[in-house]
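Visitor: Okay, predicted coordinates and the sequence, questions at the end:
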Amino acid sequence: MQIPASFDYDRATDVAHAIALLQRHGPETRVVAGGHSLLPMMKLRLARPERLIDINDLRELDFIRRDGTMLRVGALVRHTALLESAEVAQLFPIIRDAEQVIADPVVRNRGTIGGSLCQADPAEDLSTVCDVLAAVAIIRGPGGERSLPMAQFHRGPYETAVAPDELLCEIHFPIHPLSSSAYEKVERRTGDWAVTAAGATVTLSEDGSIADAAVGLTAVGLDGVVAGIAELLRGRPPGEELFAEAGLLAAAAARPIEDQRGPVDYKRHLADELTRRVLRRACARAAQTRAQKG
Amino acid sequence: MRMNGGEVTRDVEPRVLLVHYIRDVLGLTGTHWGCDTSNCGTCVVLMDGEPVKSCTVLAAMAAGHDIRTVEGLANGATLDPVQQGFMEEHGLQCGFCTPGMMLTARALLDRNPDPDDAEIRQAISGQICRCTGYATIVRSVKWAAKNPLGTDSGTGAAEPGDTPATEDVKA
């Protein structure tokens, strides 16, 4: 029987209360939302926080809202809500692609976007999605609010820039017209962590050539997006040869390690192939958006 | 919390998981306890109408919420159509996954009264049938979708709509 070690439990009533509790009880306190990463680790005694602060009552963090040229997503939004949002699917199909392959429907009913990002598992899908979309994290603490680009949010495996007395509150996704995106993952069985996954976003110019692009990889040791992808693709029309060049660049950027999910060569091959596929799909989707707008 | 419609209050340690609270504290052993790692889904209960894996929810986190277990599916002596479907279409073999499967089916049908095979398979994809009897589970859910009021079979209580009207018999 897996039972967590003893801990104290508080239920926060709002963001200010949660931050006050974090401040009062110190760094051995952890925030729990969906609990589907933290509780299994506590059951295995890999994590032994002295106190949990339950933020599930913080309805103020449970929203998906378009605000001018950005989409604001509260940290407490469940995976299921992201998957089922028509607005998210239309603006950022990469999010729906990824949500379809995160765990299973029952787990997605509990897990949250904020929890996934703060857990910062190297094989976690939404971290790649947020990197690729150049999302911005809104973090609140005793000193007020600060915003942090995704590139500075992740500090390494299971480590983020969120201080022990701070709370991730929102994620902002910039909206670009004529832009689209895609995500694809290879896993050993449905709902498992990625062997390798790739995400891409592409913005087209009025003439149909690529104006901007980003590619990210999951579970292959790459922090942030693949360097040089935008420079490679910018100004050129979408096409198989171009996607192949980008695939090679992504494979070279990957730093996979051999583990029970596969050898290095296989993961590097996946980085190449999946990069081509997500660029192909993101370009096709962006072209469709362009056709609809034109 | 509300458990199958009734209010329950107990003092428990924060580390008590919802599945153990339901089984050991409340004595409702219809909810099964399997892998303990939120993979197998046999511990699924409905929390505010949504299926959740109760081995990965603290009992304290469920305080104030509405929990429904397999014991709360039947209405008195009348089985839920999902339960009837599992009887009619042989949806269970060993029975270990059955309570969780039936609760997920109930939640699915509450949202989508006429799911196709793919939607049913998607809904139960977080739950494992160790007998691999998925085909009959899907058929059972479809039976429940086709018979939203159930029938009197196995319940001992006749449903008004089930007896053909006299005019129909004459015709």
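Guide: Cool, the structure landed.
Visitor: near chain A, which residues of chain B show up?
Guide: B:13-15, B:17, B:20, B:36-38, B:41, B:44, B:50-53, B:56-58, B:60-61, B:63, B:104, B:122-123, B:125-127 (Cβ under 8 Å from any Cβ of the partner chain). Where you see a C-beta, it was placed from the backbone N, CA and C, and this is true even at glycine.
Visitor: of the residues you listed, buried ones?
Guide: B:14-15, B:17, B:20, B:36, B:38, B:41, B:44, B:50-53, B:56-58, B:60-61, B:104, B:123, B:125-127 (16 or more other Cβ atoms under 10 Å in any protein chain shown).
Visitor: Just the ones of these in strands?
Guide: B:Val44, B:Glu50, B:Pro51, B:Val52, B:Lys53 (DSSP state E).
Visitor: Excluding sequence neighbours, find me the nearest residue to the first one.
Guide: Read that as B:Val44. With Cβ to Cβ, 6 or more residues apart in numbering or on different chains as the criterion, B:Val44 has its nearest non-adjacent residue at 3.5 Å, and that residue is B:Gly100.
Visitor: contacting residues around that neighbour?
Guide: Shown in contact with B:Gly100 (Cβ atoms under 8 Å, 6 or more residues apart in numbering or on different chains): B:Thr31, B:His32, B:Gly41, B:Thr42, B:Cys43, B:Val44, B:Val45, B:Pro51, B:Gln127.
Visitor: Kindly recompute the last result at 7 Å.
Guide: B:His32, B:Gly41, B:Thr42, B:Cys43, B:Val44, B:Gln127 (Cβ atoms under 7 Å, 6 or more residues apart in numbering or on different chains).
Visitor: Distance check, the spatially most central residue of chain B against B:Val82.
Guide: Nearest to the mean C-alpha position of chain B, by Cα atoms, centre = their mean, lies B:Leu103 at 2.3 Å. From B:Leu103 over to B:Val82 the distance is 8 Å, taken as Cβ to Cβ, to the nearest Å.
Visitor: Could you do A:Met1 as well?
Guide: The gap separating A:Met1 from B:Val82 is 30 Å, by Cβ to Cβ.
Visitor: And those two? Which one has more around it.
Guide: Between A:Met1 and B:Val82, B:Val82 has the larger neighbour count (other Cβ atoms under 10 Å in any protein chain shown), namely 27 against 7.
Visitor: Can you classify that one as helix, strand or coil?
Guide: Per DSSP: H, G, I helix; E, B strand; the rest coil, the secondary structure class of B:Val82 is helix.
Visitor: mind checking how far the helix or strand of chain A with the lowest mean pLDDT is from the chain centre?
Guide: Using mean pLDDT, DSSP states H and E, the weakest-scoring helix or strand in chain A turns out to be strand A:154-156, at a mean of 89. Taking Cα atoms, centre = their mean, to the nearest Å, the mean C-alpha location of strand A:154-156 is offset from the chain mean by 13 Å.
Visitor: helices and strands around that strand, which ones?
Guide: Applying 3 or more Cβ pairs under 7 Å, 6 or more residues apart in numbering or on different chains; DSSP states H and E, one finds that strand A:154-156 contacts no other helix or strand.
Visitor: Quick one: end-to-end length of stretch B:12-29, please.
Guide: One end of stretch B:12-29 sits 18 Å from the other (Cα to Cα, to the nearest Å).
Visitor: What of stretch A:230-246?
Guide: Start-to-end, stretch A:230-246 (Cα to Cα) is 9 Å.
Visitor: Spell out which parts of the stretch 1-150 of chain A neighbour chain B.
Guide: A:2-4, A:6-9, A:35-36, A:39-40, A:43, A:52, A:54, A:56, A:104-107, A:109-110 (Cβ under 7 Å from any Cβ of the partner chain).
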